[in-house]
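>>> okay, structure incoming, though there's no sequence with it:
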Ligand code: PRP
Ligand code: URA
């Protein structure tokens with residue numbers, strides 16, 4: 001696969017360990033949900049390396065010093081429904097006060113085309129750093145459309161985080177949205193004829209919520 005300057009694939013032993021359990025078909029709903037959260041938290045730490053800190057004056061018991069903080073109110077989380085919801089708590093562990101917007105997308109099972117069915121975003125989202133989250137990046141259709149929906153509403157600082165990606169999805173997002181950093185915990189081999197990622201983990205939404 002071509003490499004893209006805006007795509008960051010994590011190569012972290014802890015993520016590898018957790019993804020191996022996530023993929024296992026015998027991993028139940030509760031553990032699956034917890035792992036999605038934990039992996040998202042690790043990814044959030046890593047994806048914040050370029051964050052712009054603001055100076056603040058702090059009084060220690062000994063003296064006054066200038067320190068640096070993340071402007072927490074400048075972060076928003078936008079999950080792509082429904083599976084993206086499973087990642088929200090993982091970002092909230094790092095930014096507990098982040099507002100949450102929702103974009104509803106489902107893939108038409110015949111055409112694999114994404115259909116937007118819902119969009120509700122917090123006020124002032126255009127000024128925030130937006131974490132768009134979805135555990136699965138398959139054809140890339142859902143992520144590309146969700147990114148376009150956010151840009152249409154004025155967002156200019158967007159980070160897209162997904163847990164498992166197919167090369168096809170990365171190519172689609174990286175070429176349609178070269179300005180958006182894409183953080184991927186694990187790059188998989190390919191898609192099958194039904195648009196499922198191989199080796200993948202199956203249907204993330206179904207495994208998170210116990211549906212079929
Ligand atoms: C899954 C997944 C992504 C999308 C990825 O959602 O969570 O949103 O498929 O596929 P794509 O890259 O080919 O667009 P799905 O449509 O199954 O809906 P769900 O989250 O409600 O289960
Ligand atoms: N959506 C999923 O949940 N899993 C896949 O493998 C592809 C799309």
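Perfect, I can see it now. Bear in mind the structure is a predicted one, so any value in this text is a computation, not a measurement. Ligands and ions are numbered 1, 2, ... in the order given.
>>> going forward, measure contacts and count neighbours with C-alpha atoms only.
OK.
>>> for the residue of the chain positioned farthest from its centre, give its distance to ligand 2.
Relative to the mean C-alpha coordinate of the chain, counting by Cα atoms, centre = their mean, the farthest residue is residue 62 (41.1 Å). Counting by Cα to the nearest ligand atom, to the nearest Å, the separation of residue 62 from ligand 2 is 53 Å.
>>> got the phi and psi for that residue?
Here is the backbone geometry of residue 62 (degrees, to the nearest 10): phi -110, psi -30.
>>> excluding chain neighbours, what is closest to residue 118?
Ranked by Cα to Cα, 6 or more residues apart in numbering and with sequence neighbours excluded, the top spatial neighbour of residue 118 is residue 104, at 4.4 Å.
>>> residue contacts, that neighbour?
80-82, 116-119 (Cα atoms under 8 Å, 6 or more residues apart in numbering).
>>> ok, now which ones touch the closest residue to residue 89 other than its chain neighbours?
In this structure, residue 89 finds its nearest non-sequential neighbour in residue 37, 6.1 Å apart by Cα to Cα, 6+ apart. Contact partners of residue 37, counting by Cα under 8 Å, 6+ apart, are 86-91.
>>> what subset of those residues is buried?
Among the contacts of residue 37, those that count as buried by neighbour count (16 or more other Cα atoms under 10 Å) are 86-91.
>>> neighbouring strands for the least confident helix or strand in the chain by mean pLDDT, and are they parallel or not?
One helix or strand of the chain scores below all others by mean pLDDT, DSSP states H and E: strand 102-107, with a mean of 90. Here strand 102-107 is paired, per DSSP bridges, with strand 75-81 (parallel), strand 114-120 (antiparallel).
>>> confidence-wise, which of these is weakest overall?
Among those, strand 114-120 carries the lowest mean pLDDT, a mean of 92.
>>> okay, buried residues for that strand please.
Residues of strand 114-120 classed as buried: 114, 116, 119 (neighbour count, 16+ other Cα under 10 Å).
>>> my guess is the last one meets residue 100, correct?
No - counting by Cα atoms under 8 Å, residue 119 does not reach residue 100; the two are 11.3 Å apart.
>>> picking that back up, and the buried residues of strand 114-120 as TSV, adding distance to residue 137?
Listed next are these as TSV, based on distance: Cα to Cα, whole Å:
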residue	distance to residue 137
114	12
116	16
119	19
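>>> touching the biggest strand by length in the chain from outside, list them.
Criterion DSSP state E: the longest strand present in the chain is strand 157-165. Strand 157-165 is contacted from outside by 36, 39-40, 43, 127-138, 180-188, 197, 200, using Cα under 8 Å, 6+ apart.
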